[in-house]
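Asks: Provided below for reference: sequence and predicted model.
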Amino acid sequence: MASFEVYREFFFEAAHALYDPEAANGGKYRNLHGHSFRVRVTLRGERHPEEQWVIDLGKLGRRLAELREKLDHSFLNDLDGLGKPTLENLCLYIWRDLLPDLPALCEVGIFRDSCFEGCVYRGD
Ligand SMILES: Nc1nc2c(c(=O)[nH]1)N=C([C@H](O)[C@H](O)COP(=O)(O)OP(=O)(O)OP(=O)(O)O)CN2
Ligand SMILES: [Zn+2]
């Protein structure tokens with residue numbers, strides 16, 4: 001049976017500091033600094049027989065707005081459950097936040113477009 005992938009994106013701005021205990025001075029990223037992040041959340045599945053969509057993207061957008069409230073203009077080091085605020089851990093944090101409500105979740109991507117970098121996570 002064919003399946004579809006649908007996605008929705010959102011942006012947020014946040015600050016962090018990445019301390020490296022192995023570097024003499026705490027490393028290059030130890031000081032407080034900020035980034036702009038673009039998040040892409042992808043769901044995979046078949047079309048609902050009546051609605052003919054995998055998920056209402058409006059419904060997905062409302063759930064992502066809830067998540068964005070926690071992330072936007074936050075100090076990521078203070079976010080409960082995130083750990084060290086790397087892109088990798090942000091993917092995992094977003095995955096774990098959304099999965100209970102969105103069982104068709106198949107991928108979380110987080111991108112810093114201005115730095116030409118990002119990270120993609122496809123499941124626990
Ligand atoms: N695998 C990862 N590597 C790095 C992460 C990360 O989350 N995962 N994060 C950082 C820092 O957040 C850093 O502030 C990123 O900014 P950037 O400008 O990309 O840092 P660079 O050292 O690559 O900058 P250059 O301007 O290219 O020197 C670092 N690494
Ligand atoms: Zn950084």
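Replies: On my side now, so go ahead. Ligands and ions are numbered 1, 2, ... in the order given.
Asks: show me what contacts the residue lying closest to A17 once chain neighbours are set aside?
Replies: Once flanking residues are discounted, A17 sits nearest to L32: 4.9 Å by CB to CB, 6 or more residues apart in numbering. Using the backbone N, CA and C atoms, a C-beta is placed for each residue, glycine as well. Neighbour list for L32: A15, H16, A17 [criterion: CB atoms under 8 Å, 6 or more residues apart in numbering].
Asks: any chance of a ChimeraX selection covering the buried ones in those residues?
Replies: Selecting just the buried residues from these in ChimeraX takes one command, with 16 or more other CB atoms under 10 Å as the test:
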select :16,17
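Asks: spell out which parts of the protein neighbour ligand 1.
Replies: Residues of the chain found near ligand 1 (CB under 6 Å from any ligand atom) are L18, K28, Y29, H33, T86, L87, E88, C115, E117.
Asks: the first one against L87, yeah?
Replies: Yep, that's L18 we're talking about. No. Counting by CB atoms under 8 Å, L18 sits too far from L87 to count as a contact (10.6 Å).
Asks: isn't F111 right up against R40?
Replies: Yes. With contact defined as CB under 8 Å, F111 reaches R40; the gap is 7.3 Å.
Asks: those two: which has the busier surroundings?
Replies: F111 (19 against 15; other CB atoms under 10 Å).
Asks: with adjacent residues omitted, what lies nearest to the more buried one?
Replies: G118 (3.5 Å).
Asks: residue contacts, the one you found?
Replies: Counted by CB under 8 Å, 6+ apart, G118 has contacts R38, L87, G109, I110, F111, R112.
Asks: of these, which is the nearest to ligand 1?
Replies: L87 (3.6 Å; CB to the nearest ligand atom).
Asks: next one, pLDDT for the residue lying closest to the closest one once chain neighbours are set aside please.
Replies: Nearest non-adjacent residue to L87, counting by CB to CB, 6+ apart: C119, 3.8 Å away. If you check C119, the pLDDT there is 98.
Asks: over to C119: give its phi and psi.
Replies: In terms of degrees, to the nearest 10, the main-chain angles of C119 are phi -150, psi 140.
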